[in-house]
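Asks: Take this sequence and fold it.
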Amino acid sequence: MNQDERFKEFKTYYEKELKENGIVGSSFVFLKDRRIQFEDFYGSANLEKNQPVEENTIYHWASNTKPFTGIAIMQLRDRGLLKLDDPVVKYLPELRKVHDPFGEIDAITIRMLMNHSGGFRNPTFPYKKGKDWEPFEPTKYSQVEAMLPFTEILFKPGSRFSYSNLGIVFLGQIIERLTGDDYEVYVDKNILRPLEMYRSYFDATPYHLLKYRSHSYYLENGVRTTGRFDADSGITVSNSGLNSPLPDMIKYLNFLVGDESKKETYDLILKRASLEEMFRQTIPAPLDANGNGGFTTGVGLNFFIDERDGETYYGHGGDQNGFISYIEFNPQKRTASILVFNTNIILPDGTPPEKDMVARLRKAVRVLHRSF
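Replies: Numbers count the residues shown, from 1 in each chain. Next up is the predicted model:
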C-alpha cells in the first residue's frame, strides 16, 4: 500500500468514527519533513451558525499550552536568570506556607514542576462544583495564594510522576516575576511572534478573529451540550490558555521537529540543544496529559515521551472546556501530527481503550507515523 492509499484509508476511518460518535468538528494534519502530507477538516465549528471547520478554524489547545511555558522557562535558564534545580521558593517565597510532611519545601525545584514530580495536587482550584455561576478558573493569583496554607505536598518531591496543573501555574508566576511581563505578553513576544504565529493568542478572542473561533461541545449519554465560549483561563493561563489555528500550530510543530534551513531563527527562540534537553526522559510516566494510558512511558521537561517498538515519540495533549487535542512528533522519522476535536465525549471512569474513539484514532495516527 502506498502513502496515498494509506491516507485515503485513514480519512475513511477517521470520518466514519467522527460521524458515528457524534463529533461536531475536528481537524487533522500529518507532516513529513515539514511538508503537509495529508490534512482533513470535518464538521462544524459552530452548529448554531452552520459554520464549517476549515483551515483557519481557531481551537482552544488547553494543556498543549504547557510546552510553551516550558520553552519560556528554558529561555530564562539559557539567559542566566534561573537554574532548573533552583528551589521554587527562591522565586515564590509564599510557597513556604505549603505543608510538606516529607521535609523542607526547598526540596521542590523548578525541574520538578516541569516534569510533574513536585508533589502538588492536580486541580489548580479543587473547590469548584461545576456550577454555571462559578468562575471557569481562579482569575487572580491571590486566590491561589490564599489556599497555600491549606495545601499539602502529596508525596516525596522528585520520587514519582503526578500530573499537576498547579505546578505549571507556579512556573507562569516565575516567568512573570523574572521578566516583568504578564505571561501572555512574554510568550507572545518571545515565542509566538518569532514563529510567526500571528493568529495565536490567549483567552479572549480578538474581534477580528471571532469569525474563526470554534465553539465547543460535550456529549454524555447521547445528549449534547455547549461549552463556555471564550472561557477565561485566568491565573491558569500558563497551563491552558492558548488558542490557535492549525497553520500556526504547524509552525510550532516544525520548530519542535527542527529545520536546518531555519536554524538561525529557531536558535534565537531556543537553541536546539536546550529544546532536546526537554525531550530527555526525567521520570517514568504511565499516563499522558489527559490521564490516558497506552501512549506514554515517561516525561521530560513539559513534554511526554513514548518509547516502544524501537521508536520514540514526543508530544502533549489537551482536554478542557470540550476541546481535546494531541500533538505528536518523531524527530528521527521527521514525522508530526495534530489531532484536535471541538467535542468531548464524556465516558464513564474505567472505560477500556477499545471503547474510546479518541484512543482508537490515536492508534490509527500512530500507524501513519510508523509507515514512514
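Asks: got the residue ranges for the strands in the stretch 251-372 of the chain?
Replies: For the stretch 251-372 of the chain, strands defined by DSSP state E, counting those that start in this stretch occupy the ranges 283-284, 298-299, 304-308, 311-320, 323-330, 335-341, 343-345.
Asks: Can you spell out which helices and strands pack onto the last one?
Replies: So that's strand 343-345. strand 217-220, strand 323-330 (3 or more Cβ pairs under 8 Å, 6 or more residues apart in numbering; DSSP states H and E). C-betas here are computed from N, CA, C, even on glycine.
Asks: Take the strands of the stretch 251-372 of the chain and lay them out in CSV including distance to Lys49 and mean pLDDT.
Replies: Compiled in CSV, those are given as follows (distance: least, Cβ to Cβ, whole Å; pLDDT from 0 to 100):
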stretch, distance to Lys49, mean pLDDT
strand 283-284, 45, 96
strand 298-299, 40, 98
strand 304-308, 36, 95
strand 311-320, 23, 97
strand 323-330, 18, 98
strand 335-341, 19, 99
strand 343-345, 16, 97
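Asks: mind checking which of those is nearest Asp86?
Replies: Asp86 lies closest, by Cβ to Cβ, to one member of those: strand 283-284, at 18.3 Å.
Asks: contacts for that closest one?
Replies: Contacting residues not belonging to strand 283-284 are listed as 115-117, 158, 160-161, 297-299 [Cβ atoms under 8 Å, 6 or more residues apart in numbering].
Asks: same thing but at 7 Å, please
Replies: Applying Cβ atoms under 7 Å, 6 or more residues apart in numbering, the external contacts of strand 283-284 come out as 115, 117, 160-161, 297-299.
Asks: Would you point out the most distant pair within the residues you listed?
Replies: Ser117 and Thr297 (15.3 Å).
Asks: Can you list the buried residues in the worst-scoring helix or strand of the chain on mean pLDDT?
Replies: Least confident helix or strand of the chain, by mean pLDDT, DSSP states H and E, is helix 141-146 with a mean of 93. Buried residues in helix 141-146, defined by neighbour count with 16 or more other Cβ atoms under 10 Å: 141, 143-145.
Asks: for stretch 285-292, same thing?
Replies: Under the neighbour-count criterion of 16+ other Cβ under 10 Å, stretch 285-292 has 285, 287-290, 292 buried.
Asks: cool, stretch 247-265 as well?
Replies: Buried residues in stretch 247-265, counting neighbours by 16+ other Cβ under 10 Å, are found at 247-258.
Asks: Distance of Ile168 relative to Glu20?
Replies: When distance is defined by Cβ to Cβ, to the nearest Å, Ile168 is 35 Å away from Glu20.
Asks: Spell out for me which residue occupies the centre of the chain.
Replies: Asn64 (1.4 Å; Cα atoms, centre = their mean).
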